[in-house]
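S.K.: Have a look at this prediction, sequence included:
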Amino acid sequence: MRQKSGGASFVCVQLLQTLNILFENIRNETSLYYLLSNNHVNSIIVHKFDFSDEDVMGYYILFLKTLSLKLNTHTIHFFYNEHTNDFPLYTEAIKFFNHPESMVRIAVRTISLNVYKVQNPSMLQFIRDKTAAPYFSNLVWFIGKHILELDTCVRTDVDHQSQSRLSNLVAEHLDHLHYLNDILCLDIVDLNAVLTEHLLHKLFVPLYIFSLTPAPPLSMAVVTQNLAAVLNKVVNIDMQEMSNPRVSAVVALYLLSLVFLVITHGPLVHSLAWVILNADHSVFKEGAAEVLNAYIERREVVALGFEQPRESLEEALDTVVGSSSSSLENRSMGGESSSGSSSRDTSQSRSVTEQVEKVNITDEEKEKLRQMEDTSLSGGVDTNRPFLDMVLASLDCTENDYIALLALCLLYALANNKGVSPEWLEQVLSKPAKSSTRYNTVLVERLLHIISLTSQPSCRIRLITLEITLSLLSRFARTSSGDFILTELQQSVLFSARNQAMTILRNFYKSEDIFLDLFENEFTEMSKSPLNVEFLCMDSAILLPPTGTPLTGINFTRRLPCGEVEKARRAIRVFSLLRKICQEYLSEEEVLLPLTNPSNCVQVDNILDLNNSDLIACTVVTKDVTKYRRFLVIDTLQLILVEPDPKRLGWGISKFVGFLQDVEVVGDKDDSRCLHITVHRGGVSNNRTPILSAKFLFDDHIRCMAAKQRLTKGRSKARQKKMYQIAQLLEIPGQMIEPPIYPISGVRTASTSRLPREHRPLFSTANRVPGFAAALRRESMPSGSVSRVQMAPNRSIVGIRNENTQRRRRSSNTSSTSSSNGSSTTRERSPAHRSPRRQESPRNNSPRSRDNSPRVPRPRSEEIPLEDFQHSRNSSPIARGSPSSNTPSRSHTPSRVLCDPISISPRLTSGTSDMNSLAPNGVSVMIAKEAAMNSEETSFIAREEKEKRRGGVETV
Amino acid sequence: MSYAYLFKYIIIGDTGVGKSCLLLQFTDKRFQPVHDLTIGVEFGARMITIDGKQIKLQIWDTAGQEAFRSITRSYYRGAAGALLVYDITRRETFNHLTTWLEDARQHSNSNMVIMLIGNKSDLDSRREVKKEEGEAFAREHGLVFMETSARTAANVEEAFINTAKEIYEKIQEGVFDINNEANGIKIGQQHSPTNPSLPGAGNQGGSTSSGCC
Ligand SMILES: Nc1nc2c(ncn2[C@@H]2O[C@H](COP(=O)(O)OP(=O)(O)O)[C@@H](O)[C@H]2O)c(=O)[nH]1
Ligand SMILES: [Mg+2]
């Protein structure tokens, strides 16, 4: 028994494996020719192995794949016999195109593509004449059946239960499309003509397009027909059309989107676009024949209809192969017949450019378009473009955006496909200026309606829907020169949507830490992931009804928000998106976002002028007990650790930077000179490990307390400053300084709700005189002077490094009191030295008025010392150390904090597990952190008072 | 030749790292001592036992199929396990791992078990990639790691079998949807152990088309 069945397969396996090894290893062309020349290989290929044995199947198909990789214009003759019309390597392989094992199917695709790639005209002619129709018709049928399966899955899975099955079906379908596209991209004109015709007439039109419009009432038709039969009468009902299988409209829109996203072959996408945009139901009888005629000279007219080929591929190939009669082919393809008159030669010699030219509109098409335009304009309700009407009608989001999202995907894909002539799309959907088309008006109005709905509280529209809508609006509501064209009414819809979104977001504006973190997170997330419809359409989740629960694993923008935090996130995004489009509309530049301009931030290895800056000497002890001697600098937004610059006195090199807003400070109960400082990784990140977590040892308790105070204060000020910026962004009454002006109802008027300025500006950037900053510092930060440690001008830098702590403390104390600020300040006031930060808020040009407005409703941001702290970029033409880090053209998605390799950042370990649980954890972490900070601050205030008094004593 | 489960593997990595040799060593327990040649073994199957269950491992080498986009995007899907191989004597094969891994992660089922293999451990004198580097890479990307030698057979069994064990555990935990063949796992017909080859074998294509994928 084993001898018989097992043994035979064992022999086969060994044979195939050995052959594979043999052919794989042949480098020498001559020996390859020798091996191939006696046709033994072809007899092995046609041998009927036991393909039900999966091992035999595997070895066999990979053997064919190995052979196909050896194909070139020379070796092709050993496999393809012109005289006998025999090409077993290809014909045997494609018989397995629908094998249940996916790896086999993949190998078949590889083999076929390797074959088509060989530039051999007579072989390609054989492929086209003898195999293309049967292979492509079966392939298309196979794809179609797969789609019906996909459709069933969508219909039965409203609850997202079998998502993995659905996503596999979608991925599999995308494989098919990419395979078709790979064939089409080989640009084999004749082959593409056959494939295009089959795809259009056997799948895209009869299954996809057909499914766009509602099903004709089948029961009625049957009744009528039965009645007619009884009465012996002839009725004109196309039962074929009635019983045509269909998929749901959602699936049809989705599949069409995929076609336009993946396939770029001009004749195919152009014809399909034509059908969608211009055709009526008569297309089910005629197909896209007219359009296709413009492209394909020798058309193989394929009867329209989604139906199983009469013959299986294998049967068809068995009849075709080896016979030279072409009538067989026609028989095998049922209703197809050859037409077209031009000779083979001309069609083959047609160059690619010629073909591309054909993509342009023919006069005939233009005429037709014009006629349609006229009729649709005059005809009113009844149009003859049912498919386009359907797509546009699907944009209605009153209930939800389930089908609208897919219709938007289709419009987006249509508008962005390289094969669809833009000029031609323009004719139907967008006509610039005064006489905009009816369809353009409908489209723009529908888009605006979506936008308007999205800005309503608790609406059922997903963020991704809004994103595509906006992208389409800025595509279709513009003239060819790029200007927006909206009527006054439309414009007011757009701007009131923006204002509505702003009102909603204001409700979430709180002075809590979490709002700022959310706001910045959403902003960076949005700029990191711009709209990518191709990615979106790989996600099978959009085929199912929208859901709100994150438990499905669906990406946040592709579902509805769940809970308060997500609602806030959504409000932030909706507002940002609408703000952006309004700015685009007004051709305004964004000046308020991002909240932190990375180019104004100090980076690691920047060389900084620290003359006249507040420095606190400290020793940083990391977790692995490495010690670094550093100076702590607290800027407006950043915490910076610097090392003295050995080359220039009074200058320092930044070794670590972190944002003050992410700083957490804890004292040490055992050591009064010690602080535990953690700088968290701001922003959305899967990485929750802080960028710095270290013990800071100061020279004495006072410096330690000063550092703590300034860090804590710095943190809250940095946050206040940003909250204030957001308030400005949201035009929150009482926070505004000068609200941006938006036109309301078409008229550009300044908002009258503007409140009088009652706020002290954040910065006093103007009117500064030398020494002002120093004076200011004394006035506003009494404790600052205690901690102000300046690099002694008379000591060598090396000396600083090598000094022991005791000595340092003494000498730095002396230097801080004895140093004078005057000269250096003057130098820095020269315009060339002004850092861009100085111009941060140009509107705030009123002088400091701290003492004039003692009571302010909101916590204020005060000017933080370090006035004179500058980038080397601004003050020294040559950035020493690392020239690259000073170049202004940094990446647009800045990492929040840059950290030098030798400094303290712990190596990031990516935990894959916390990716899914990120949202809830992140939130709780943040809340906990916030609570900690609040209590910290409470205790801090009391201490500040004490500190103030003491500080005063010490400095004076 | 009946089995409880069939696990489909793919084996990926630069050419010449020893993918075919590993495959041959695992399935046939032999090593082809040819030099500077690539061994054309691209498919193999072997039965192993885990937890008292017969499990068939079916390994597909996808070499040479990278030329077309449609092909690369499809072969990662449909595999339950992947062996990602580099050659410890050639640093560039190690440097390319990120690209391979990106591709695999992008297109594969998220549950796919990936085993990182540093092959040719017998050539220690010509080593260019330290074992620690392999370990670090694996740790960083959440892979299982092993150094093997297709020549001496060291760790070859373990590499294939440990991967299978991990897949098996995932099945026990219910992570893998075993009813979906697209995940690279097939349930065997335990109850018909005989009759491996059915009559009418000539009719492979059209008749079996339903229910694939
Ligand atoms: N010394 C040694 N050589 C090996 C080992 N594995 C493979 N080779 C050699 O490496 C070369 C390429 O191997 P191959 O399996 O064809 O690589 P592939 O292209 O990845 O399939 C061959 O010459 C093998 O003999 C091994 O473990 N040790
Ligand atoms: Mg190989």
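M.R.: Nice, thanks for sending it over. Ligands and ions are numbered 1, 2, ... in the order given.

S.K.: going forward, measure contacts and count neighbours with C-alpha atoms only.
M.R.: Fine.

S.K.: Walk me through the domains of chain A.
M.R.: Chain A breaks down into these domains under the TED database: A:8-119, A:430-586, A:598-730.

S.K.: Turn the ones you listed into JSON lines, including distance to B:Asn180.
M.R.: Converted to JSON lines, these look like this (distance: least, Cα to Cα, whole Å):
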{"stretch": "domain A:8-119", "distance to B:Asn180": "12"}
{"stretch": "domain A:430-586", "distance to B:Asn180": "16"}
{"stretch": "domain A:598-730", "distance to B:Asn180": "30"}
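
S.K.: My read is that B:Ala150 contacts B:Gln25, right?
M.R.: Yes - if you go by Cα atoms under 8 Å, B:Ala150 and B:Gln25 touch, sitting 6.1 Å apart.

S.K.: shared neighbours, the two?
M.R.: Both B:Ala150 and B:Gln25 are in contact with B:31, B:156, where contact means Cα atoms under 8 Å, 6 or more residues apart in numbering or on different chains.

S.K.: Comparing these two, which shows the higher neighbour count?
M.R.: Using other Cα atoms under 10 Å in any protein chain shown, the more surrounded residue of B:Ala150 and B:Gln25 is B:Ala150, with 26 against 21.

S.K.: And that one, which helix or strand is it part of?
M.R.: Counting by DSSP states H and E, no helix or strand carries B:Ala150.

S.K.: Report the contact partners of it.
M.R.: By Cα under 8 Å, 6+ apart, the residues touching B:Ala150 are B:18, B:21-22, B:25, B:31, B:119-120, B:156.

S.K.: How about the top helix by length along chain B, which residues are buried there?
M.R.: Ranked by number of residues, the top helix in chain B under DSSP state H is helix B:156-173. Within helix B:156-173, the residues scored as buried using 16 or more other Cα atoms under 10 Å in any protein chain shown are B:156-157, B:159-168, B:170.

S.K.: A:Asp190 against A:Ile127, yeah?
M.R.: No - if you go by Cα under 8 Å, A:Asp190 and A:Ile127 don't touch, sitting 9.8 Å apart.

S.K.: for the lowest-mean-pLDDT helix or strand in chain B, packing partners?
M.R.: Ranked by mean pLDDT, DSSP states H and E, the weakest helix or strand in chain B is helix B:69-75, scoring a mean of 83. Contacts defined by 3 or more Cα pairs under 8 Å, 6 or more residues apart in numbering or on different chains; DSSP states H and E place helix B:69-75 against helix A:102-117, helix A:163-185.

S.K.: Just the CA atoms of it, as CSV, please.
M.R.: Output of helix B:69-75 as CSV, limited to C-alpha atoms (Å, rounded to 0.1, in the frame of the first residue of the first chain):
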residue,chain,number,x,y,z
ARG,B,69,4.0,44.3,-6.7
SER,B,70,1.0,42.0,-6.8
ILE,B,71,3.2,39.1,-5.8
THR,B,72,5.0,40.6,-2.9
ARG,B,73,1.9,41.9,-1.3
SER,B,74,0.3,38.5,-1.4
TYR,B,75,2.8,36.0,-0.2
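
S.K.: Residues contacting it, please?
M.R.: Contact with helix B:69-75 is made by A:103, A:106, A:109-110, A:172, A:175-176, A:178-179, A:182, B:62, B:65-66, B:107, as judged by Cα under 8 Å, 6+ apart.

S.K.: And for A:Asn168, nearest residue in space, chain neighbours not counted?
M.R.: Spatial nearest neighbour of A:Asn168, excluding adjacent residues (Cα to Cα, 6 or more residues apart in numbering or on different chains): B:Ala182 at 6.8 Å.

S.K.: same check, this time on A:Leu486
M.R.: A:Ala477 (6.7 Å).

S.K.: Identify the residues contacting the one you found.
M.R.: Contacts were defined as Cα under 8 Å, 6+ apart; by that measure A:Ala477 touches A:430, A:444, A:484-486.

S.K.: pLDDT-wise, what's the bottom of those residues?
M.R.: Across the contacts of A:Ala477, the bottom pLDDT score, 61, is held by A:Ser430.

S.K.: list the helices and strands whichever helix or strand comes after the least confident helix or strand of chain B packs on?
M.R.: Per DSSP H and E, the first helix or strand lying C-terminal to helix B:69-75 is strand B:81-87. Judged by 3+ Cα pairs under 8 Å, 6+ apart, the packing partners of strand B:81-87 are strand B:5-12, helix B:91-95, helix B:97-107, strand B:113-119, helix B:156-173.

S.K.: if we can go back for a sec, most tightly surrounded among the domains of chain A?
M.R.: When these are scored by mean count of other Cα atoms under 10 Å in any protein chain shown, the highest mean neighbour count falls to domain A:598-730 (a mean of 21).

S.K.: right, quick check: that one against chain B, any contact?
M.R.: No - for domain A:598-730, no contact with chain B is found by Cα under 8 Å from any Cα of the partner chain; the gap never falls below 12.7 Å.

S.K.: Look at that domain and report the distance between its end residues.
M.R.: 22 Å (Cα to Cα, to the nearest Å).

S.K.: Over to stretch B:61-80?
M.R.: End-to-end distance of stretch B:61-80 (Cα to Cα): 14 Å.

S.K.: Would you mark the buried spots in that stretch?
M.R.: For stretch B:61-80, the neighbour count (16+ other Cα under 10 Å) marks B:61-63, B:65, B:68, B:70-80 as buried.

S.K.: just to revisit the earlier point, nearest to A:His270, of the helices and strands packed on strand B:81-87?
M.R.: Closest approach to A:His270 among these (Cα to Cα): helix B:97-107, 29.7 Å.

S.K.: hang on, the earlier thing: please render the helices and strands packed on strand B:81-87 as JSON lines that adds mean pLDDT and distance to A:Ser52 to the earlier fields.
M.R.: Formatted as JSON lines, the helices and strands packed on strand B:81-87 follow (pLDDT from 0 to 100; distance: least, Cα to Cα, whole Å):
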{"stretch": "strand B:5-12", "mean pLDDT": "92", "distance to A:Ser52": "15"}
{"stretch": "helix B:91-95", "mean pLDDT": "95", "distance to A:Ser52": "37"}
{"stretch": "helix B:97-107", "mean pLDDT": "90", "distance to A:Ser52": "29"}
{"stretch": "strand B:113-119", "mean pLDDT": "95", "distance to A:Ser52": "28"}
{"stretch": "helix B:156-173", "mean pLDDT": "92", "distance to A:Ser52": "25"}
